[in-house]
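Peer 1: I'll drop the sequence and a predicted model, then ask my questions.
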Amino acid sequence: MQLSALSWSRAATAALLLGKTNAFTSIGQSAFGMSQKIISSSSSLNMSEVNRNEKIRNIAVIAHVDHGKTTLVDALIQQSGVFRDQQQTDEAGKCVMDSEDQERERGITILAKNLAVMRGDVKINVMDTPGHADFGGEVERVLSMADGVLLVVDSVEGPKPQTRFVLDKALKKGMKALVVVNKIDRPAARPDYVVDKCFDLFVELDATDVQTDFTVVYASGIQGKAGLDPEALDDDLGVLFDAIMTSIDAPTVATVATDDLQALVANIDVDEYKGKMGIARITNGSVKNGMQVSLVHPDKTKQTGRISNLFVFDNLGKREVESAEAGEIIMFTGLDAVEIGDTLVTNEAGGANAADPLPPIAVETPTVRMTFGVNKSPLSGREGKFLTSRMIRDRLYKETDRNVAMEVAETDSADRYEVSGRGQLHLTVLIESMRREGFELEVGPPSVIYKTNSETGKEEEPWESVEVRVPEEYNGSVIDMLNVRKGEMIDMGMEGDGAEAYSVISYRVPTRGMLGLRSNLLSATRGTALIDSVFDSYRERIPGDLQAREKGSLLAFQEGEVTSFGCEGAQDRGRLFVKSQDEVYKGMIIGIHQRPGDLDVNVCKTKQLTNMRSANKGITVGVTAPVDMSLDACVEYIAVDEVLEVTPTAFRMAKNPDMWPKKGGKKK
């Protein structure tokens, strides 16, 4: 295939940016989907011989949300002989790796997971990672166990903000990437454009010449097909398996001596019978079942113990083994004090010959926080099993054991805790998990985390890179909403042709301007907007407050049970959240006011009964169906002076707890 002038120009530009002094010296498979290969003489310099464990490949699958990563992993599982027959395949269903209820309901991956498949006599350890930016901590943690990455990119959308974030982390660790252009069966697929965009992204991220010379595989995860030519896919994923074997380096093995054992714990699991289990990748040395070991960390005291059970990953489960060597990913029991970031080393002979600890896992700092506390509403204690501050505290600190990107801190109040995460979704997933476990709690509105620049002494706030894809007729509404929230336009353009054309609007927006923005954007664009955002950087804080919600709230005038007659009168004032026979209390938010400012309404009033016949008795007024508010919608809605009451069966919003009447008496 002939190279276009544009492709030659991009290749030449890449050569200059990457410091290449030689011309292109060989022709082969192109890094951007054509038949040219960039090779520099400098790439062969300073390459010493290293020992590798050729029987293992450790790969992390990374992608932007909704680019088909989990579907592709499902196809890899089905074609690797994990399931005995078609019946087992049917029983497993779709999204095998997304085993959590919330993952299946939301359609996203939340927790990183491990599995292992065999390709001939080579074991491929696959780590499925989340695609949403709020769960980037899972990706950073998993990358410590991988030797290369499978970068899955949609054949129409190309690289997105989250693609850039996770790829940058992998490239900085020196990993090679295998680019998989997925969903190639889409009618609007444009593989050449997508691969060129991937190449540009590698260059922008300062990838080395070896990393930029990536292999490209075209695939359709839902059909289970892959090939090196987008127009001629094979009937299975054999090409993808082969590309993993040839493009991803086998793990290096410096030594297999037990005294040199170094295994960085990147995840933990809990077994009902075996207790706490550590998941680690052996960097050096080897480990045996029953071996005396210790957990070391630069900032913690040494913990000693003995390996009770040693496992390796086998298909979708685990298999107990007697020993494992460098390059393998293991799961072990026997040390209940294990935490993410610890290094497993030998403790034979008192640890006299033990290796040094590895650098602990570093993750990005949180940018958003919320307060979690005891539910104090008049309706508290009726549904939940876990109500006290001690129970809430224990659950929150337990979450930090595994969720390394989340932080929990005490507050001035004994029954409130400050929880910080990477985004609003990161925190609402935790709230939903606690609700399903039987907790009752009260959460405050999300707020951003400010920090002071050590050099300038000025206060800074987090900003996000935002990309909105929307039909052209809604451009004005989107731009107006982002400008009001102090956003800065980066780029704007059109993609697609004809009826499938849409605008792509890129902005840089303060994180506090993004809080509550998604639902407003969806309303303004009639649900057509696709919004992607990822943390950009900390910048000097913008003085003043950003625009809050435009409309006020309808508040319950008194405590009692909602009546149809009360709803008839209140629905003229705005849109209600409650329906007949719901219980409310004074100060509870029961709807959205149609004007700015809050308004007290009595939805509990009943119709006065008399023995007089009314002239308009036959006239009836219909009651409008209430607005169904999900947890995410409630968290976006509440303002600074409002709180959200979360119970196993309901979400209730209310004004500041100081406005609530105390139980057993009226408010004075």
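Peer 2: That came through, no problem. Residues are numbered from 1 along each chain as shown.
Peer 1: give the full set of residues in contact with the residue nearest the centre of the chain.
Peer 2: For the chain, residue 135 is the residue whose C-alpha lies nearest the centre (C-alpha atoms, centre = their mean; 2.6 Å). Applying C-beta atoms under 8 Å, 6 or more residues apart in numbering, we find residue 135 in contact with 109, 110, 111, 405, 422, 425, 426. All C-beta spots, glycine's among them, are computed from the backbone N, C-alpha and C.
Peer 1: go with 7 Å
Peer 2: By C-beta atoms under 7 Å, 6 or more residues apart in numbering, the contact set of residue 135 is 110, 426.
Peer 1: tell me the SS of it?
Peer 2: Here residue 135 is recorded as helix under DSSP: H, G, I helix; E, B strand; the rest coil.
Peer 1: tell me the pLDDT at it?
Peer 2: Here the pLDDT value assigned to residue 135 is 79.
Peer 1: repeat that for the one 4 residues further on.
Peer 2: What the model reports for residue 139 is a pLDDT of 81.
Peer 1: pull the contacting residues for it.
Peer 2: Residue 139 makes contacts with 62, 129, 130, 166, 169, as judged by C-beta under 7 Å, 6+ apart.
Peer 1: can we see that at 6 Å?
Peer 2: Taking C-beta atoms under 6 Å, 6 or more residues apart in numbering, we find residue 139 in contact with 129, 166.
Peer 1: now residue 221: closest residue in space that isn't a chain neighbour?
Peer 2: Among residues not flanking residue 221 along the chain, residue 72 sits closest, at 3.5 Å (C-beta to C-beta, 6 or more residues apart in numbering).
Peer 1: and that neighbour, what element?
Peer 2: Assessed by DSSP states H and E, residue 72 sits inside helix 69-78.
Peer 1: so how far is that helix from its chain's centroid?
Peer 2: Centre-to-centre, helix 69-78 and its host chain are 19 Å apart (C-alpha atoms, centre = their mean, to the nearest Å).
Peer 1: next one: stretch 320-337
Peer 2: Its chain's C-alpha centre lies 27 Å from the corresponding centre of stretch 320-337 when counted by C-alpha atoms, centre = their mean.
Peer 1: quick one: end-to-end distance for it.
Peer 2: Terminal residues of stretch 320-337 lie 21 Å apart, using C-alpha to C-alpha, to the nearest Å.
Peer 1: and what of stretch 467-485?
Peer 2: Terminal residues of stretch 467-485 are spaced 15 Å apart (C-alpha to C-alpha).
Peer 1: in it, what's buried?
Peer 2: Across stretch 467-485, burial judged by 16 or more other C-beta atoms under 10 Å covers 467, 468, 469, 470, 474, 475, 477, 478, 479, 481, 482, 485.
Peer 1: going by distance to residue 502, which of the residues you listed wins?
Peer 2: Taking C-beta to C-beta as the measure, residue 502 lies nearest residue 469 of the buried residues of stretch 467-485, at 5.4 Å.
Peer 1: that closest one against residue 501, yeah?
Peer 2: No: between residue 469 and residue 501 there is no contact under C-beta atoms under 6 Å: 10.8 Å.
Peer 1: quick check: mean pLDDT of stretch 187-202?
Peer 2: What stretch 187-202 shows for mean pLDDT is 90.
Peer 1: repeat that for stretch 609-618.
Peer 2: pLDDT averaged over stretch 609-618 gives 60.
Peer 1: now do stretch 211-218
Peer 2: In this model, stretch 211-218 has a mean pLDDT of 91.
Peer 1: so the nearest residue to residue 603 once chain neighbours are set aside: helix, strand or coil?
Peer 2: Distances taken as C-beta to C-beta, 6+ apart place residue 566 nearest to residue 603, at 3.8 Å, with adjacent residues excluded. Taking three-state DSSP as the rule, one finds residue 566 in the helix state.
Peer 1: how close does residue 566 sit to residue 588?
Peer 2: Computed as C-beta to C-beta, to the nearest Å, the residue 566 to residue 588 distance reads 13 Å.
Peer 1: likewise residue 343?
Peer 2: Counting by C-beta to C-beta - residue 343 and residue 588 are separated by 51 Å.
Peer 1: neighbour count winner among these two?
Peer 2: residue 588 (27 against 23; other C-beta atoms under 10 Å).
Peer 1: got the residue ranges for the helices in the stretch 551-668 of the chain?
Peer 2: Assigned by DSSP state H, counting those that start in this stretch, the stretch 551-668 of the chain shows helices spanning 564-570, 631-637.
Peer 1: with mean pLDDT, mean neighbour count and distance to residue 394 added, can I get these in a markdown table?
Peer 2: Shown next, in a markdown table, are those (pLDDT from 0 to 100; neighbours: other C-beta atoms under 10 Å; distance: least, C-beta to C-beta, whole Å):
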| stretch | mean pLDDT | mean neighbour count | distance to residue 394 |
| --- | --- | --- | --- |
| helix 564-570 | 84 | 19 | 41 |
| helix 631-637 | 88 | 19 | 22 |
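Peer 1: which residues in the stretch 301-450 of the chain form strands?
Peer 2: 309-314, 317-320, 323-325, 329-333, 343-346, 368-373, 407-410, 416-421, 441-443, 447-448 (DSSP state E, counting those that start in this stretch).
Peer 1: give me the residues contacting the next helix or strand after the last one.
Peer 2: Tracing the chain C-terminally past strand 447-448 and defining elements by DSSP H and E, one meets strand 451-452 next. Judged by C-beta under 6 Å, 6+ apart, the contacts made with strand 451-452 from elsewhere in the structure are 459, 460.
Peer 1: tell me the strands beside strand 451-452, with direction?
Peer 2: As defined by DSSP bridges, the strand partners of strand 451-452 come to strand 459-470 (antiparallel).
Peer 1: the helix or strand just after the partner strand vs strand 459-470, what angle?
Peer 2: Past strand 459-470, further along toward the C-terminus, the next helix or strand under DSSP H and E is helix 475-484. Per axes from the mean of the first three to the mean of the last three C-alpha atoms, to 10 degrees, the angle that helix 475-484 makes with strand 459-470 is 180 degrees.
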